[in-house]
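**Q** structural data only, the sequence is not supplied:
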């Protein structure tokens, strides 16, 4: 689960016993990755609507 994180994040995750920290870090990474895609998708949608109509 902690294979794709930076060295500092990985050290924190490996020192935790329960795994809630790892889940929180992974959810944060997914959230930070998703926001730009949603914004760009919305921008293209509005440009498409503007050009079509």
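**A** Nice, thanks for sending it over. Fair warning: this is a prediction, and the values are worked out from it, not measured in the lab.
**Q** please make it C-alpha for all contacts and neighbour counts, starting now.
**A** Noted.
**Q** which of the residues in the strand or helix carrying residue 45 are buried?
**A** Element membership for residue 45 (DSSP states H and E) is helix 20-52. Within helix 20-52, the residues scored as buried using 16 or more other C-alpha atoms under 10 Å are 21-22, 25-26.
**Q** so how far is it off the chain centroid?
**A** Counting by C-alpha atoms, centre = their mean, to the nearest Å, helix 20-52 is centred 8 Å from the centre of its parent chain.
**Q** that helix - what's its average pLDDT?
**A** Helix 20-52 carries an average pLDDT of 93.
**Q** packing partners of it?
**A** Contacts defined by 3 or more C-alpha pairs under 8 Å, 6 or more residues apart in numbering; DSSP states H and E place helix 20-52 against no helix or strand at all.
**Q** where does residue 16 fall, phi/psi-wise?
**A** The phi/psi pair for residue 16 (degrees, to the nearest 10) reads phi -80, psi 140.
**Q** per-residue pLDDT, it?
**A** Looking at residue 16, its pLDDT stands at 80.
**Q** ok, now which ones touch it?
**A** With contacts defined as C-alpha atoms under 8 Å, 6 or more residues apart in numbering, residue 16 is in contact with no residue.
**Q** which phi and psi does residue 19 have?
**A** Here is the backbone geometry of residue 19 (degrees, to the nearest 10): phi 100, psi 0.
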